[in-house]
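**Student:** quick one: sequence and predicted model below, then my questions.
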Amino acid sequence: MSDAPKTDTPKTAAGRAGTKRELPEHFKAYRHVWVVIECEHGIVHPVSLELLGEGRKLADKRGVELAGVVLAGDPLTAAQVSAAAFEHGADLAYVITDPILAHYRNESYTRAMTDLVNSYKPEILLLGATNLGRDLAGSVATTLLTGLTADCTELAIDDEGSLAATRPTFGGSLLCTIMTLNYRPQMATVRPRVMSLPERQPGRWGRIVEHPLNLTEADIITKVLRFVADRESDKAQLAYADIVVAGGLGLRSAENFQLVRSLAEVLGAEYGGSRPLVQKGWIGADRQIGQTGKTIRPKLYIAAGISGAIQHRVGVEGADTIVAINTDPKAPIFEFAHLGVVADAIELLPALTRAFRAHLSVNRLAG
Amino acid sequence: MIEERFDAIVVGAGPSGNAAAYTMAKEGLRVLQLERGEYPGSKNVQGAILYADALEKIIPDFREDAPLERHVIEQRLWTMDNGSHVGMHYRSDDFNEERPNRYTIIRAQFDRWFSGKVREAGAVLLCETTVTELLRDTAGRVIGVRTDRGGGTAFADIVILGEGVNGLVGQRAGLRPELKPDTVALAVKEMHFLPRETIEARFNLKGNEGVVIEAMGTITDGMTGTGFIYTNQESISIGIGCIVSDFTESSCTPYGLLEAFKRHPSVQPLLEGSECKEYVAHLIPEGGYNAMPQLYGDGWIVVGDAGQFVNAVHREGSNLAMTTGRVAAETVVWLKRRREELSKANLAEYQRRLEETFVMKDMKKYRKIPSLLHHNRQFFNLYPKLLSGAAQTWFRVDGIDKRTKEKQIFQSFRAGRKLTGLIGDAFKLARSWR
Amino acid sequence: MHIVVCLKQVPDSAQIRVHPVTNTIMRQGVPTIINPYDLFALEEALRLRDRLGGEVTVLTMGPLMAEDSLRKALTFGADRAVLLTDRSFAGSDTLATSYALSMALTKIGQEFGGPPIVFTGKQTIDGDTAQVGPGIAKRLGLNQLTYVARICDLDPQAGTISVERRAEGGVQVLETRMPVLITMLEGTNEMRRGSLDDAYRAARSQIVKWSAADAGITELAKCGLKGSPTIVKKVFAPQARAEKVQHIASSDLSTDALAANVMAAIFQKQPALEGDLLRFAAGQ
Ligand SMILES: Cc1cc2nc3c(=O)[nH]c(=O)nc-3n(C[C@H](O)[C@H](O)[C@H](O)COP(=O)(O)OP(=O)(O)OC[C@H]3O[C@@H](n4cnc5c(N)ncnc54)[C@H](O)[C@@H]3O)c2cc1C
Ligand SMILES: Cc1cc2nc3c(=O)[nH]c(=O)nc-3n(C[C@H](O)[C@H](O)[C@H](O)COP(=O)(O)OP(=O)(O)OC[C@H]3O[C@@H](n4cnc5c(N)ncnc54)[C@H](O)[C@@H]3O)c2cc1C
Ligand SMILES: Nc1ncnc2c1ncn2[C@@H]1O[C@H](COP(=O)(O)O)[C@@H](O)[C@H]1O
């Protein structure tokens, strides 16, 4: 990924982009598209499936195969994860099974990944921009000394067959398309919920390539002492909620934020907010929506008293329906909301809660 | 904690404080400067006019590296009514001189640059540090300041207060009265960003040439005040200000006035397609000479806006601030060299020196203007309308002979304001201008 | 214990403007700040120093102007600041940035003592990649601890450290050996206000300025544009959405009537949603 100054100096950047030469000979053997299938405690991260959907398109365009990379602690997990990869579009899976890989650790996973890449030579390597993916991608790219475009929102193959990865920069004010022309593999991480989930094809199957992990536990310095799953705490599950209700500074006080929570409760929704609310301590950091918080892609997003600054916008644009409640008809949120209501959220939220509650209970009884 | 001792403490890193701190540090004094903003100029993010002369006397070669936007080659004075303006434009290639006289600047950048010079000269600058009170000895002499950083204190032979118009330190210490609503203007400003080429095309400029527009008339809705537009390299500063007490009597909000000013048909095309960033409101002391407080005392001196040093008619402020800061500093250096005490009696030298500069001369010359304009609203409401009507009568070719037109114009003025009033106004204006 | 914190001076992204014609960033008048994420790293480092003794060095790679951010870090209480500045760094991507910083870190180790802990922020708000930290770790062979929410235990004698790391779906408690590179999670602490003494010291400190050569960087081909495998092909502004907002009229309506209209409009846009909600309500 390119650092800030480059976007500032398109001339020099273009100058260098113009230096496209023949791909060095030793990289010509690099073929196929890989997606790292992220799996924590037996659960495949949805972003990996989203990436398989996207990877499928890239592979088809290049006329190559799509492979899932499965790093697992035991054979059962390996089989389940591979199955998920095949059902979501992978032609084959590179699998390393070793108890060392039961928990994610940078050392062992970096070693496993670099080994696989050096052995089987993919041209494109995709990871989710999750904590795991970002932790791993940086180490892998640095070890392989190749280019990495982080946090992409769009992937494409250009006319010359190279990966064109597009990502927001400067807080979403601009987009830039970044390429890795003279190095392989071309690496990119993609934020969860940016690509849509491909249709599952039950029973679809593919080849499995097993590879050994040439490591012993004693080689690894870092130990996982414990893992406390979020399911056991009350962490927000914003990223995958179907309905999200959020509030902003327009709510004016921490007490009024309860209005958001009440509506969320009636709708079975997650609740969240804009960044200033986190800074003021009205809500926890894991409930911040936007560039530096969570990207969400719900069916319904209700934003109450949120102005719709660019940093907020980039986190919610993927929602199917955005409802904005704001007293200011000129608020920027109305530039990207689907339904706009110019009204006082402090009055409208309770009324909406009442309306939904009544509607749902009446129709439930009727049904 | 070691108790630090300095020759001088300067409160504030605006133009006045910077001028004072720079001048003293350059002369080898140990100077501590305290600024409450995150960095110098952080509270001053707007465009402004810099008058070269005052700065030249402090940093002669400032043009080499100061962040200057455009040098002003054209001044427009507009008298506006709701749909028109009557203007006077003065543009001259003479202003394309080697050492231009006026520049547009962006304060945030300029203040930061100036502050860099102050530090280079050897002063210690602490930002994000607010002075909360003055410390005095038993005799009442100011000996230092208390700050909000862990209650830290600092001591010096003199405290120079360059804390700006609403400086609370001096007010709390009883050095000067609280601001009165009829002696301060509230100005609101916005920065509108446009590509360089667009600005140059719209204002007929090339290179770093710039334009200043000053406007009065119905844009202030009858209140005492003016509007202005400055061209920067890639932005336009636009603002409007009125006396605070007028706002309290009127139903207008400052923001509403600015919005209306921006929508005025003479202004709107200049801003078309721009992206607005940064809206700020700021006070300007406009009481003039008559509102000036005591300027010095035992161990303290007031400089810049804190001392009401603003020439409202000519929109000069930062130059007075820099000049008062410099003169205060020179006075301190001079007294220190002579090993004289920085007592009230000795610091009277500050005011004496100021009397010899344009600062006091101008302040005195315009002493009556503030109250004149304040009590004669026709300058802002009636006359602009009459003027515009007259211009339209004069320029519209419609088969009416010129003599009749002259008569119509004359009568419109007479009807608008009784002849005696008209003559009286002209007379009053001339007298207070003298 | 010597701790180094990498921090970056960034334009305040809230104030960024894009040139409508050339689509380049207009930096004029845009204030710069310390990358907000890096403050969490700095505060954590200061806390460790206060507890265990030692020094905190802040390191940044950037233009001369970045001195402002370093000085500010000193005001917060850092002991030493190093600015790595050289024309040959211009246009660095994460790979080139991590190379330059890792060389400077090596040099810092030689000059001021090898740091058992190097901190970075989670990510920057301009580059926004979260890759420079891991890049540095790999190049220097440091054990890498990213997204650290809390330092649980640190034994300088034994050279061990354990931390809580925010992972997908939960929190990992990791134990490893120093030297480590830690990228600190946001919201984990609150930046202190330096004392008047800190402020004096910051104002008077000399900032160590190194060129590429000073930092022992001889392979300029690994720096700046030359050392960056990624290439920016195109920069463009996000497209405005074609579909316009549908406003639900609110005047002359009671709040409840308005709420009913809003609900109806939502169901009209998303017919399937009503069924989902009813199922949800039934399940409750
Ligand atoms: C580096 C960086 C990263 C950032 N990341 C994020 C991020 O991830 N997420 C994020 O959200 N922000 C982020 N921000 C902050 C962002 O720029 C905005 O400041 C923030 O989103 C504004 O929050 P807001 O809309 O709640 O508040 P405001 O901008 O203050 O807006 C409040 C809105 O409420 C309306 N309102 C007032 N009263 C009422 C009422 N009674 N009823 C209805 N409406 C009312 C007002 O008209 C206004 O539009 C980031 C900023 C920076 C610099
Ligand atoms: C809208 C507007 C337009 C203007 N346009 C022009 C123009 O075009 N040309 C021109 O010459 N003048 C102009 N002026 C006037 C000019 O800005 C002022 O006269 C000038 O800034 C005064 O300088 P100063 O140093 O006295 O005060 P300021 O610039 O106000 O600086 C005071 C400083 O002290 C700091 N401070 C205050 N209290 C404390 C404390 N307790 N502890 C620590 N620090 C403190 C403040 O943060 C501030 O940085 C304009 C003013 C306004 C409002
Ligand atoms: N130029 C730089 N100088 C110092 N530290 C940097 C620089 N660029 C990035 N970093 C550090 O690396 C972290 C991640 O940056 P990024 O990969 O750009 O998101 C930041 O939080 C900083 O701590």
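**Tutor:** In hand now; what should we look at? Ligands and ions are numbered 1, 2, ... in the order given.
**Student:** return the residues of the stretch 151-300 of chain B in contact with chain C.
**Tutor:** Contact residues (C-beta under 8 Å from any C-beta of the partner chain) of the stretch 151-300 of chain B with chain C: B:152, B:154, B:191, B:193, B:195, B:197, B:232-235, B:273, B:275, B:277-278. Every residue, glycine included, has its C-beta placed from N, CA and C.
**Student:** next, A:A129: phi, psi?
**Tutor:** In terms of degrees, to the nearest 10, the main-chain angles of A:A129 are phi -80, psi 50.
**Student:** not counting sequence-adjacent ones, nearest residue to C:E44?
**Tutor:** Spatial nearest neighbour of C:E44, excluding adjacent residues (C-beta to C-beta, 6 or more residues apart in numbering or on different chains): C:M184 at 5.4 Å.
**Student:** could you check the pLDDT of the residue of the stretch 51-200 of chain A found nearest ligand 3?
**Tutor:** The stretch 51-200 of chain A approaches ligand 3 most closely through A:A150 (7.3 Å), counting by C-beta to the nearest ligand atom. In this prediction, A:A150 carries a pLDDT score of 93.
**Student:** which elements pack onto the helix or strand harbouring it?
**Tutor:** Applying DSSP states H and E as the criterion places A:A150 in strand A:148-152. Using 3 or more C-beta pairs under 8 Å, 6 or more residues apart in numbering or on different chains; DSSP states H and E as the contact test, the elements touching strand A:148-152 are helix A:131-144, strand A:163-169, strand A:174-180, strand A:186-190, helix C:94-112.
**Student:** run a quick neighbour tally on the residue of the stretch 51-200 of chain A closest to ligand 3.
**Tutor:** A:A150 has 29 neighbours, counted by other C-beta atoms under 10 Å in any protein chain shown.
**Student:** show me the contacts for the residue nearest to C:E44.
**Tutor:** C:Y37, C:F40, C:A41, C:E44, C:F119, C:T120, C:G121, C:K122, C:V148 (C-beta atoms under 8 Å, 6 or more residues apart in numbering or on different chains).
**Student:** and it, what are its bridge partners?
**Tutor:** C:G121, C:V148 (DSSP bridges).
**Student:** pLDDT value on it, please?
**Tutor:** Confidence for C:M184, expressed as pLDDT, is 95.
**Student:** any idea how far it lies from ligand 1?
**Tutor:** Distance, C:M184 to ligand 1, by C-beta to the nearest ligand atom, to the nearest Å: 16 Å.
**Student:** could you pull out the strands for the stretch 201-350 of chain A?
**Tutor:** Counting by DSSP state E, counting those that start in this stretch, the stretch 201-350 of chain A has strands at residues A:207-210, A:223-229, A:243-247, A:270-273, A:300-304, A:321-326, A:339-342.
**Student:** what's the answer for the stretch 101-250 of chain C, then?
**Tutor:** Using DSSP E, counting those that start in this stretch, strands in the stretch 101-250 of chain C cover C:117-121, C:143-155, C:160-167, C:170-177, C:180-184, C:208-210, C:230-236, C:246-247.
**Student:** I'd like to know which of those strands has the weakest mean confidence.
**Tutor:** Among those, strand C:230-236 carries the lowest mean pLDDT (a mean of 87).
**Student:** wait, does that strand make contact with chain A?
**Tutor:** Yes - using C-beta under 8 Å from any C-beta, strand C:230-236 reaches chain A at C:T230, C:I231, C:V232, C:K233, C:K234, C:V235, C:F236.
**Student:** for the residues you listed, give me CSV that also has distance to ligand 3.
**Tutor:** As requested, the residues of strand C:230-236 next to chain A are exported to CSV (distance: C-beta to the nearest ligand atom, whole Å):
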residue, distance to ligand 3
C:T230, 12
C:I231, 17
C:V232, 15
C:K233, 19
C:K234, 20
C:V235, 17
C:F236, 21
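**Student:** mind putting these in TSV, neighbour count and distance to C:Q270 included?
**Tutor:** Formatted as TSV, these follow (neighbours: other C-beta atoms under 10 Å in any protein chain shown; distance: C-beta to C-beta, whole Å):
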residue	neighbour count	distance to C:Q270
C:T230	30	40
C:I231	24	42
C:V232	26	38
C:K233	20	37
C:K234	16	35
C:V235	24	35
C:F236	12	31
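**Student:** farthest pair within these?
**Tutor:** C:T230 and C:F236 (16.9 Å; C-beta to C-beta).
**Student:** against A:S307, how distant is the residue in the stretch 1-150 of chain C that ligand 2 sits nearest to?
**Tutor:** Distances between the stretch 1-150 of chain C and ligand 2 by C-beta to the nearest ligand atom are smallest at C:P31, namely 14.4 Å. Distance, C:P31 to A:S307, by C-beta to C-beta, to the nearest Å: 20 Å.
**Student:** now swap in A:H41 and tell me
**Tutor:** Distance of A:H41 to A:S307, given as C-beta to C-beta: 39 Å.
**Student:** check B:E286 too.
**Tutor:** B:E286 is 34 Å from A:S307, where distance means C-beta to C-beta.
**Student:** over to A:A264?
**Tutor:** Distance of A:A264 to A:S307, given as C-beta to C-beta: 20 Å.
**Student:** ok, and for the longest helix belonging to chain A, which residues are buried?
**Tutor:** Criterion DSSP state H: the longest helix present in chain A is helix A:345-366. Going by neighbour count (16 or more other C-beta atoms under 10 Å in any protein chain shown), the buried part of helix A:345-366 is A:345-346, A:348-357, A:359-360.
**Student:** which elements pack onto it?
**Tutor:** When contacts are defined as 3+ C-beta pairs under 8 Å, 6+ apart, helix A:345-366 packs onto helix A:257-267, strand A:300-304, strand A:321-326, helix C:255-269, helix C:271-283.
**Student:** deepest of the ones you listed, which one?
**Tutor:** strand A:300-304 (a mean of 28; mean count of other C-beta atoms under 10 Å in any protein chain shown).
**Student:** who does that one touch, helix- and strand-wise?
**Tutor:** strand A:243-247, helix A:257-267, strand A:321-326, helix A:345-366.
**Student:** now the last one and strand A:321-326, what's the angle there?
**Tutor:** Pointing back at helix A:345-366 there. If you take axes from the mean of the first three to the mean of the last three C-alpha atoms, to 10 degrees, helix A:345-366 sits at 140 degrees to strand A:321-326.
**Student:** contacts (any at all) between ligand 1 and helix A:345-366?
**Tutor:** Yes - judged by C-beta under 6 Å from any ligand atom, helix A:345-366 and ligand 1 are in contact via A:A345, A:I346.
**Student:** avg pLDDT for that helix?
**Tutor:** Helix A:345-366 comes out at a mean pLDDT of 88.
**Student:** alright, I will stop here.
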